[in-house]
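Undergrad: The sequence isn't on hand, but the structure is:
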């Protein structure tokens, strides 16, 4: 039944002309590039760039520093802390979510066909390490769905990450890249019994649930596994709130956790999700207070929970400024301590966007600029990337990407931004007040920032005859 | 630049186990199946079905009647009318948009892995011929983006259709299936100059436009071509309205048509689009009145338009009843006659959904049924198909698909319907009042009707590790 779900369809289409390792030991560009426009960055990179080989084998090291892989698994907190202490994290030399010198150099030198996504693996690594440190002692389970590129999975596996998989397909993808099943969580609450059995057969022993029927399927197909119950919480403050699709009420969670024990499962804990792109740190404290109440309730019912899965929600930098990783992590962990005391429960986090979002840039070409009537002020700017080739999170104009052009700093005017398809829904921003330089013209390139997460996989198979979004991992 | 847009990515992934031709000469099931539930249809088909070979070569004839291909091109109205007179159209023996006996038999016999789309090519043919006859003398330009499956393109090409292509990729796809460039319209108003040049080089001579810059690109890259100007009209009454993304005001259209002549192009006419899934026939009369005014204005400015591209908008049968194809066509053509007299201008129509929508059924499995709290009435029903694997038009619950189960006719209760991904947006219907049988259980199959258009191509490349929607054309 589920056999054809295997093989990671999202990754097959990727081409991976890796940029040369020549500059891997040293950032290619001038640190003062921080906070400047793409126009300047482009000029710098053009001046400095020499053609780079596209042949670097992916086996060659891309990291600037040597570290020992952190061992995953339960009870690893102490060794993890020790390993981390040895890591020398290079702070990004650019403002958060801006174009890294490596990406600028790649785009200017290689001039890949547009539209395309370029992800800086060095920045993924730095961000992962920073987030991991800020959320210590939580165990990182990278949310594969955010970007399942093999380059990212391999990098994070080397750094000691565990992985949150949404399907048998994602489990297979992780296993195919050498990730041990003990490092996998089957985090989707919606599962066919056959997929649970498949995961169990492959060695996965950690499952999310939020319904009685799922719990019974897990008990049958994955006997004795660790299970955590997803509960419904408020998503106030999130730019991509999560509706009621996942989770059950705390009252129901208590009953299900008791049932889990009865069914011979290890009812180890509770999970929740604060809402994707959650920019309001104070929301965590509110929700963790509710979880602490549930915790006490569980104990009163004879369940001894020991795990809190904090989910994701760690933001990328879109239009709105976001707290620093350090401040964010500190607030979350302080809140856990406040509500659960010390020693804290075992903690899991499932960042996806927070790890890869800021590390990717989509380069796109302006296909057409027009107005709808003579003399209109608002220009319609049509890009060769749109809702169906990567920018699906512009649905309802929810995620507001920052955009760079070669004319930044010059006078701007209001625009409606749209994609290239013959589909009226393929408008990126019409209600949101976007402005772009008046000097922008057809054929110009634009760069859409913080596109490392939830772009390639949201891309359609080829709507309107346009190819899925290409991606380069450098 | 655009080379990699070629090759029809949307079609490569398709598998095509064609159903056997054994029953092609005779509908497999009983005409009284009309208006009955899937439960009955399933039982019938099971009783009658013998295993069918999956090996039928696609070259074998699938039509029940012999007809000569209709020659496309300008000035073909008379011969087309004559050809059509020879066609004996078999009226569908089921209620519009219901499951055809062939599809029921295929699903029951082959039991393909879910989710999957099954399209009945006989019904595509019948619908195409009915629509073509109802809209006579308009020339049919099938909107490739609705469903670019090779089986559909080849069938419609044999029936004499021309094709509306949205990109160089779709042009290549049509050419690859033997469709002559004279039968192609490059109907996207958003085009790179390189793509215009490519289309021209391949022989395409008919282009849509709505902006000065596009017109100038066409004049340079496709000199002397026929061009029509897309104008903005109201989309009242459409379930999938088209916003202001395409078209310009009539006032601007006049100026652009004059410019087109000046640039040496054949400024042949005007196009508009009434809104996809337009169920209110009276809208056509209102809009055609506006177009007639523009027509007179153009003549006053020295342009002699002769073509009206009526666009698409012809509905499939979703939750709401829709007018019959015959009534619909009669109303549209009567309105053209009323506003433009006889002889009428040359007419083009671009149906997509109207041709293939009702001919396809998605079969899906119920993955989980749950509630969010103890004792809640509303069940959450999670299917293995969702917004990211084909049902994208449920965005904002715009398109309300009809759903059949094996328990139809039994008592029902309210449901929220959702897809299988770990994405909160992947909810199909929450605000719309859907009800499903209380007897429905996990593992049951459900059939989503009228899914032949805008499903396979909207599917993502593999979000959450789930494969793109599979499709069978029988």
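TA: Sure thing, it's come through. Computed from a predicted model, the values in this text were never measured in an experiment. Residues are numbered from 1 along each chain as shown, chains lettered A, B, ... in the order given.
Undergrad: Around chain B, pick out the residues from the stretch 101-250 of chain A.
TA: Applying the criterion Cβ under 8 Å from any Cβ of the partner chain, the portion of the stretch 101-250 of chain A that neighbours chain B consists of A:113, A:144-145, A:148, A:165-173, A:187-193, A:210-214, A:232, A:240-249. In short, each C-beta sits where N, CA and C put it, glycine included.
Undergrad: Just the buried ones out of those, please.
TA: Burial of these was assessed by neighbour count (16 or more other Cβ atoms under 10 Å in any protein chain shown); the buried members are A:113, A:144-145, A:148, A:165-173, A:187-193, A:210-212, A:214, A:232, A:240-249.
Undergrad: For stretch A:219-238, buried residues please.
TA: If you call a residue buried by 16+ other Cβ under 10 Å, then stretch A:219-238 has these buried ones: A:219, A:221-222, A:225-233, A:235, A:237-238.
Undergrad: So which bits of the stretch 251-400 of chain A are right by chain B?
TA: Residues of the stretch 251-400 of chain A lying near chain B by Cβ under 8 Å from any Cβ: A:251-252, A:255, A:276, A:365, A:367-374, A:380, A:382, A:384, A:388, A:395.
Undergrad: what do you get if the cut-off is 10 Å, keeping everything else the same?
TA: Taking Cβ under 10 Å from any Cβ of the partner chain as the contact definition, the stretch 251-400 of chain A meets chain B at A:251-252, A:254-256, A:273, A:275-276, A:350, A:352, A:365-376, A:378, A:380, A:382-384, A:386-388, A:392-393, A:395-396, A:398.
Undergrad: In strands only, show me the residues you listed.
TA: A:276, A:365, A:366, A:367, A:368, A:369, A:370, A:380, A:382, A:383 (DSSP state E).
Undergrad: Just flag the most distant two among those residues.
TA: Between any two of these, the greatest separation by Cβ to Cβ is 34.1 Å, found for A:276 and A:370.
Undergrad: okay, those two: which has more neighbours?
TA: Summary of the neighbour comparison: residue A:276 and residue A:370, criterion other Cβ atoms under 10 Å in any protein chain shown, with residue A:276 having more neighbours (30 against 20).
Undergrad: Roughly how far does residue A:425 sit from residue A:277?
TA: Counting by Cβ to Cβ, to the nearest Å, the separation of residue A:425 from residue A:277 is 21 Å.
Undergrad: can you list the domains in chain A?
TA: A:9-55+A:92-118+A:358-473, A:122-357 (automatic domain parsing).
Undergrad: can you map out the helices along chain A?
TA: For chain A, the helices defined by DSSP state H occupy A:9-12, A:38-48, A:77-86, A:101-110, A:121-134, A:150-158, A:168-176, A:193-202, A:212-221, A:250-262, A:282-300, A:325-340, A:353-356.
Undergrad: Report all helices and strands that the longest one contacts.
TA: The contact analysis (3 or more Cβ pairs under 10 Å, 6 or more residues apart in numbering or on different chains; DSSP states H and E) places helix A:282-300 against helix A:250-262, strand A:266-271, strand A:307-309, helix A:325-340.
Undergrad: Including mean pLDDT, could these go into TSV?
TA: Supplementary listing: the helices and strands packed on helix A:282-300 in TSV, determined by pLDDT from 0 to 100:
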stretch	mean pLDDT
helix A:250-262	97
strand A:266-271	98
strand A:307-309	98
helix A:325-340	94
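Undergrad: buried sites along stretch A:304-323?
TA: Those buried within stretch A:304-323 under the rule 16+ other Cβ under 10 Å are A:305, A:307-318, A:322.
Undergrad: ok, now stretch A:334-344?
TA: A:335, A:336, A:339, A:340.
Undergrad: of all those, which comes closest to residue B:268?
TA: When the buried residues of stretch A:334-344 are compared for distance to residue B:268 (Cβ to Cβ), residue A:335 comes out closest, at 67.4 Å.
Undergrad: surely the closest one meets residue A:284?
TA: Yes: applying Cβ atoms under 10 Å as the test, residue A:335 and residue A:284 come out as touching, 5.1 Å apart.
Undergrad: Mutual contacts of the two, please.
TA: Overlap between the contact sets of residue A:335 and residue A:284, as judged by Cβ atoms under 10 Å, 6 or more residues apart in numbering or on different chains, is given by residue A:310.
Undergrad: From residue A:247, how far out is residue A:295?
TA: 16 Å.
Undergrad: Check the burial of residue A:352 by counting its neighbours.
TA: 25.
Undergrad: thought it was touching residue A:146?
TA: Yes: at 2.7 Å, residue A:352 and residue A:146 qualify as touching, with contact defined as Cβ under 10 Å.
Undergrad: Overlap of the contact sets of those two?
TA: A:164, A:276, A:312, A:316, A:452, A:453, A:454.
Undergrad: sorry, back to before: of the residues of the stretch 251-400 of chain A next to chain B, grab the buried ones for PyMOL.
TA: A single PyMOL command suffices to select whichever of those are buried according to 16+ other Cβ under 10 Å:
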select buried, chain A and resi 252+254+256+273+275+276+350+352+365+366+367+368+369+370+371+372+380+382+383+384+386+387+388+392+393+395+398
